[in-house]
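*Asks:* no sequence on this one, just coordinates:
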Ligand SMILES: *Cc1c(COP(=O)(O)O)cnc(C)c1O
């Protein structure tokens, strides 16, 4: 008789097409059927437990099946499953919007208020909404020449065609280039690409100079600049100085273009503050949220925008200024209720304080790896840490992508009960906030041993 997990894997591989996967890999990498999860752990049908060191693609903020989220969802299921959000509303959508507006970034001396919430159902859709809203805002203001977007090199904003267009990860983008909008890419301030001896703030200042030059060249053509504040995640966990954000906000104001902050991955405490924008003391014109918003239970996204943007669409129907964008599941009650419960935990429990202790522990455990001959960089921002594997630490010569060193770390991790999913040569940690110090130790030990095997 075949073991249940083997049978499930075979049935899966006969019919399911998996995301971001060359399915052929599963001719030698096992497919892992998961039966359940609790806290930081996934429970395999193989009877083994796996520490979810990447929070299931960064969604599972507080740990799997958080009791407060589970209870809220069960209660919601007994009341209202779904209703379209056009012409109708419901308590979860209202409460969530109220809470998002309440906690949204604010900055002294900036009167901008993120007072409006537009819902969608995944991160890419939120980016599409922000792009369309920004473009449409300028049209409604009579500025028809504004058709361009500025994005940073190394950025990742999703996989639908609009979001992919403003993404600069060739692995995902290059194939589809002929189909995509052409944004203006400016060099990212990420410290990995800093000049020798240049610190993060100096690098940020130099990159702001390049952005200024670009905005001068394209004055009046640009709708918005997009940024993943503090950490470019899918692009390889590249990190930059918070000072870049203040400079970016000032340039966007000077050239009258919108600032779109994509906090889909870094929102809700990941970087040490509730929102990464807070560390730059900025209020964006659009704030895109998803992933951790529902604590990793259901797909949902939200785009927060300013009262000023909202006002540019508010007019008599005949003016043709309305934002006629929708998704069938916009503002789904179950997803909103899960998000309300997630935000209640963040509000009522000392989550950020606990994260500071956990982040310090993670930093201490990673410190010895700075001396490793094949680790060229150890970087961390709050509850995100990354190790950059390289053939030679001093020259930073990378391992050729075709050698797939990261895949070896992944396989080692699974053999030893830890889910690590390196981005090429970048091994990273983005654990759920419920992780314990002992689990952090385990995660780093297994990753270290995996790296030893992978670089051999
Ligand atoms: C994941 C991600 C997206 C896309 O979200 P999906 O829900 O996967 O479509 C966009 N931006 C950032 C920064 C992300 O990390």
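*Replies:* Okay, I see it. The structure presented is a predicted model; accordingly, all values stated were derived computationally and were not measured.

*Asks:* Just list the residues touching the residue in the stretch 101-250 of the chain positioned nearest to the ligand, thanks.
*Replies:* For the stretch 101-250 of the chain, the residue closest to the ligand is residue 123, as judged by C-beta to the nearest ligand atom, at 2.0 Å. Quick note: C-beta positions are derived from backbone N, CA and C, even for glycine. By C-beta atoms under 8 Å, 6 or more residues apart in numbering, the contact set of residue 123 is 157, 158, 163, 262, 264, 288, 290, 291, 301.

*Asks:* cool, residue 453 as well?
*Replies:* 408, 409, 412.

*Asks:* Around the ligand, pick out the residues from the protein.
*Replies:* Residues of the chain lying near the ligand by C-beta under 6 Å from any ligand atom: 122-124, 127, 156-158, 228, 233-234, 262, 264-265, 290-291.

*Asks:* In strands only, show me those.
*Replies:* Of those, the ones assigned to strands by DSSP state E are residue 262.

*Asks:* Can you name the residues in contact with stretch 375-388?
*Replies:* Residues outside stretch 375-388 that contact it (C-beta under 8 Å, 6+ apart) are 191-192, 230-231, 233, 236-237, 239, 266, 269-273, 355, 358-359, 362-363, 366-367, 369-370, 389-390, 392-393, 396, 425-431, 433, 447, 451.

*Asks:* the helices in the stretch 201-350 of the chain, which residues?
*Replies:* Using DSSP state H, counting those that start in this stretch, the helices of the stretch 201-350 of the chain run over residues 243-254, 307-313, 333-348.

*Asks:* Need the winner for burial among those helices.
*Replies:* helix 333-348 (a mean of 22; mean count of other C-beta atoms under 10 Å).

*Asks:* same for that helix, what does it pack against?
*Replies:* The contact analysis (3 or more C-beta pairs under 8 Å, 6 or more residues apart in numbering; DSSP states H and E) places helix 333-348 against helix 67-77, helix 91-103.

*Asks:* roughly how far is it from the heart of the chain?
*Replies:* 18 Å (C-alpha atoms, centre = their mean, to the nearest Å).

*Asks:* so it versus helix 91-103, what angle?
*Replies:* 40 degrees (axes from the mean of the first three to the mean of the last three C-alpha atoms, to 10 degrees).

*Asks:* so for the next helix or strand after helix 333-348, what's the average pLDDT?
*Replies:* The C-terminal neighbour of helix 333-348 among helices and strands, as given by DSSP states H and E, is helix 351-366. Mean per-residue pLDDT for helix 351-366: 98.

*Asks:* what sits up against helix 351-366?
*Replies:* 62, 269, 272-274, 345-346, 378, 380, 382-383, 385, 387, 429, 433, 435, 437, 440-441, 444.

*Asks:* Highest neighbour count among the residues of the chain next to the ligand?
*Replies:* Highest neighbour count within the residues of the chain next to the ligand, by other C-beta atoms under 10 Å: residue 157, with 33 neighbours.

*Asks:* Quick check: that residue touching residue 168?
*Replies:* No. Applying C-beta atoms under 8 Å, one finds residue 157 not in contact with residue 168, separated by 9.2 Å.

*Asks:* Show me the common contact partners of those two, please.
*Replies:* residue 151.

*Asks:* thinking again about what came up before, can you put the helices of the stretch 201-350 of the chain in a markdown table and add distance to residue 103?
*Replies:* Listed next are the helices of the stretch 201-350 of the chain as a markdown table, based on distance: least, C-beta to C-beta, whole Å:
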| stretch | distance to residue 103 |
| --- | --- |
| helix 243-254 | 18 |
| helix 307-313 | 17 |
| helix 333-348 | 7 |
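
*Asks:* can you map out the strands along the stretch 51-200 of the chain?
*Replies:* 114-120, 148-152, 184-186 (DSSP state E, counting those that start in this stretch).

*Asks:* out of the contacts of stretch 375-388, which are buried?
*Replies:* Buried residues within the contacts of stretch 375-388, counting neighbours by 16 or more other C-beta atoms under 10 Å: 191-192, 230-231, 233, 236-237, 239, 266, 269-273, 355, 358-359, 362, 366, 369, 389-390, 393, 425-431, 433, 447, 451.
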